[in-house]
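Asks: what would the 3D arrangement of this be:
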Amino acid sequence: MKQDKVLSLIGLATKAGNIASGEFSTEKAVKEGKASLVIVALDASDNTKKMFTNMCTFYNVPICFYELKTELGHAMGKEIRASLAVIDKGFADAIIKKLDTKVE
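Replies: Residues are numbered from 1 along each chain as shown. A predicted model of the protein is given here:
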C-alpha cells in the first residue's frame, strides 16, 4: 500500500512540474542544487546506481532506490525512467515519510 502512495506522490509532483527525470536532467538538478531527493530504480544499471550514489553523497542530497524503471516511468506518465530528482522540498519530505526503504 505504501508503494502506491509513493508512486502517487511522484505522479502529483510530475504534474506540478517538480520532477526532473532521466539521467541527464537528474544529474543537472543535483549539480545545480535544485534536487531535494533523488530516486533511482532498483533495476537501473550498477553504473547508474554508483554514479548517483557518489554524486548525491558529494552534493549532500538524499537518495533512495525504489521500484522498477517501468513503475517509476508509469507514475510519471512516461515509458521507463531509471532516475528522477524531486525538486520541491515538500514533495521530497512527503515521499521520504512514505518510503519503507532507508534513505541515504
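Asks: nearest the geometric middle of this protein, what residue?
Replies: If you average the C-alpha coordinates of the chain and look for the closest C-alpha using Cα atoms, centre = their mean, you land on residue 39, 2.4 Å from that point.
Asks: following element in sequence after the lowest-mean-pLDDT helix or strand in the chain, please.
Replies: Of all the helices and strands that make up the chain, the one with the lowest confidence by mean pLDDT, DSSP states H and E is helix 2-15; it has a mean of 89. Where DSSP states H and E defines the elements, the next helix or strand beyond helix 2-15 is strand 19-21.
Asks: and that next one, what other elements does it pack with?
Replies: Here strand 19-21 is seen to pack against helix 2-15, helix 23-31, strand 83-86 when contacts are counted using 3 or more Cβ pairs under 8 Å, 6 or more residues apart in numbering; DSSP states H and E. All C-beta spots, glycine's among them, are computed from the backbone N, C-alpha and C.
Asks: ranking these by burial, who's on top?
Replies: With neighbours defined by mean count of other Cβ atoms under 10 Å, none of the helices and strands packed on strand 19-21 is more surrounded on average than strand 83-86, at a mean of 28.
Asks: direction included, what does that one pair against?
Replies: Based on DSSP bridges, the strands next to strand 83-86 in the sheet, each with its direction, are strand 19-21 (antiparallel), strand 37-40 (antiparallel).
Asks: what's in contact with that strand?
Replies: Contacting residues not belonging to strand 83-86 are listed as 10, 13, 18-23, 25-26, 29-30, 34-41, 44, 48, 52, 61, 72, 76, 92, 95 [Cβ atoms under 8 Å, 6 or more residues apart in numbering].
Asks: residue contacts, the residue nearest to the centre of the chain?
Replies: By Cβ under 8 Å, 6+ apart, the contact set of residue 39 is 10, 63, 64, 65, 66, 72, 83, 84, 85, 86, 95.
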